[in-house]
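[1] What follows is a protein structure lacking sequence information:
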């Protein structure tokens, strides 16, 4: 997958579930996250902007019921 295809895929996510499925697809196609992932998806705030679509954020949340 090219960088532009990955950006478009992640920006198309309409829910957290779809975002997670798209992350899995990227990892499958790229044998893990590509080297540009953190800079391109996280630092550029794409993750934050997309998560705002479903009233969430791009932060890591710990679910205490699994601890």
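    Yep, it's here. Values in this document were obtained by computation on a predicted structure and should not be read as measured data.

[2] C-alpha from now on. contacts and neighbour counts both.
    Fine.

[3] any low-confidence regions in the chain?
    For the chain, applying pLDDT under 70 flags the ranges 66-67.

[4] All the helices of it, residue numbers only.
    3-11, 16-30, 37, 46-51 (DSSP state H).

[5] quick one, which of those helices is packed in tightest?
    Comparing those on average neighbours per residue, with mean count of other CA atoms under 10 Å, the densest one is helix 46-51 at a mean of 19.

[6] Quick one: closest of the helices of the chain to residue 65.
    Closest to residue 65 of the helices of the chain, according to CA to CA: helix 16-30, at 19.3 Å.

[7] Output the contacting helices and strands for the closest one.
    With contacts defined as 3 or more CA pairs under 8 Å, 6 or more residues apart in numbering; DSSP states H and E, the packing partners of helix 16-30 are helix 3-11.

[8] Would you check that residue 15 makes contact with residue 55?
    No: using CA atoms under 8 Å, residue 15 is not in contact with residue 55, being 9.5 Å away.
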